[in-house]
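Asks: give the three-dimensional model of this entry:
(one chain, ligands or ions: 2)
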Amino acid sequence: MTTDIIFETKNLSKHFGALIAVDSVNLKVRKNSLHAIIGPNGAGKTTFFNLLSGNLEPTSGQVIFKGKDITHQPVHRTIHFGIGRSFQITNIFPNLTVFENIRLAAQAMGRDNFKFWQSASRFKNYEARTSEVIEQVGLKNRAYTLARTLPHGDQRKLELGMILAPDPEVLLLDEPTAGMAAEQVPDLIALIQGIQKSGDRTVMLVEHNMNVVMSVSDEITVMHLGKILAEGTPAEIAANKEVQTAYLGGLYDLNV
Ligand SMILES: Nc1ncnc2c1ncn2[C@@H]1O[C@H](COP(=O)(O)OP(=O)(O)O)[C@@H](O)[C@H]1O
Ligand SMILES: [Mg+2]
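Replies: Ligands and ions are numbered 1, 2, ... in the order given. Take a look at the predicted model:
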């Protein structure tokens, strides 16, 4: 792993009226790391991701991606810079097949997404990319299944495939295991780790399952009331008294 910084925020804040959802956050994310953001509900994690991806404009502060200020870039631009994100809600097209969903996501990155029919060869490239992604997320046997008929675990894999299709450098994954049966979680997590390790990619992960967070993260940032409460390796976070008191105590058996 290099020590290059891929994402940096400087005094990044987002206010919703009187509520300060993200409060002067200074964060550095190392390239090719798996960086988890944890914290109780309402801590500001999703809002923070929205600021990184350009889904929300910050009230103040900066977002730097690969040394470039992208603070005021909207989401349709950030996807071209190599930032891919998921949402807590599943945003797949239910009446399309797995293949069609992923192909649309792959096409969305093309500069030619509104005139793709003009170029048969580009279209073929998208098909090839689609097949590759389907294989990578383990949905080869489901390629022609309608998304709505997939089991929940496979829908989450499809969603991951849709983020992966445009070949992003950074994946922002907001609770990818939410609502999954416990026995399906290790499979998805292994997939996420595989994507991060094999493809020169950085993964930022919001995740409530502390066993998952502690076992897969290179770096953990703990948010609380919009601020960074602590940062460190899993071992450092598990040993942090302030974190234990404010957050981890009731949720995670630190003696495991
Ligand atoms: N669009 C919005 N308008 C007003 N308040 C919001 C909006 N989005 C989030 N919030 C508030 O901002 C705070 C942080 O929310 P969120 O980022 O969703 O936290 P988390 O993802 O950590 O649970 C919460 O108090 C939430 O109610
Ligand atoms: Mg959230």
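Asks: got the residues of the protein near ligand 2?
Replies: Residues of the chain lying close to ligand 2 by C-beta under 5 Å from the ion are 45-46. Just so you know, the C-beta spots here come from the backbone N, C-alpha and C atoms, and that holds for glycine as well.
Asks: what residue spans form the domains of the chain?
Replies: The chain breaks down by automatic domain parsing into domains covering 1-82+168-256, 92-165.
Asks: mind checking the ones you listed for the one nearest to ligand 1?
Replies: domain 1-82+168-256 (3.2 Å; C-beta to the nearest ligand atom).
Asks: are that closest one and ligand 1 in contact anywhere?
Replies: Yes - remark: domain 1-82+168-256 sits within contact range of ligand 1 at 16, 19, 21, 39, 41-47, by C-beta under 6 Å from any ligand atom.
Asks: any low-confidence regions in this protein?
Replies: The chain contains residues with pLDDT under 70 at 1-3, 87-90, 109-123, 248-256.
Asks: widest-spaced pair of the residues of domain 1-82+168-256 next to ligand 1?
Replies: Maximum pairwise distance among the residues of domain 1-82+168-256 next to ligand 1 (C-beta to C-beta): 17.1 Å, between Phe16 and Gly39.
Asks: so for those two, which residue has more residues nearby?
Replies: The residue with more neighbours, out of Phe16 and Gly39, is Gly39; 24 against 11, by other C-beta atoms under 10 Å.
Asks: does the nearest residue to the more buried one once chain neighbours are set aside have beta-bridge partners, and which?
Replies: Sequence neighbours aside, Met223 is the residue nearest to Gly39 in space, at 3.7 Å (criterion: C-beta to C-beta, 6 or more residues apart in numbering). Met223 forms beta bridges with Ile228, as assigned by DSSP bridges.
Asks: thought Met223 was touching Val243?
Replies: No - contact criterion C-beta atoms under 8 Å: Met223 and Val243 do not qualify, at 10.8 Å.
Asks: list the residues that contact both of those two?
Replies: Taking C-beta atoms under 8 Å, 6 or more residues apart in numbering as the criterion, Met223 and Val243 both touch Leu229.
Asks: ok, Asp6 touching Val170?
Replies: Actually, residue 6 is Ile rather than Asp. Yes - counting by C-beta under 8 Å, Ile6 touches Val170, with 6.2 Å between them.
Asks: between the two, what contacts are shared?
Replies: Here Ile6 and Val170 have 29, 65, 202 as joint contacts, going by C-beta under 8 Å, 6+ apart.
Asks: so which of these comes closest to Val212?
Replies: Each of those was scored against Val212 by C-beta to C-beta, and Thr202 proved nearest at 17.7 Å.
Asks: who does the lengthiest helix in the chain touch, helix- and strand-wise?
Replies: Scanning the chain for the longest helix, with DSSP state H as the assignment, gives helix 120-136. Applying 3 or more C-beta pairs under 8 Å, 6 or more residues apart in numbering; DSSP states H and E, we find helix 120-136 packed against helix 98-109, helix 152-164.
Asks: closest to Glu57 among the shared contacts of Ile6 and Val170?
Replies: Nearest to Glu57 among these: Phe65, at 15.4 Å, using C-beta to C-beta.
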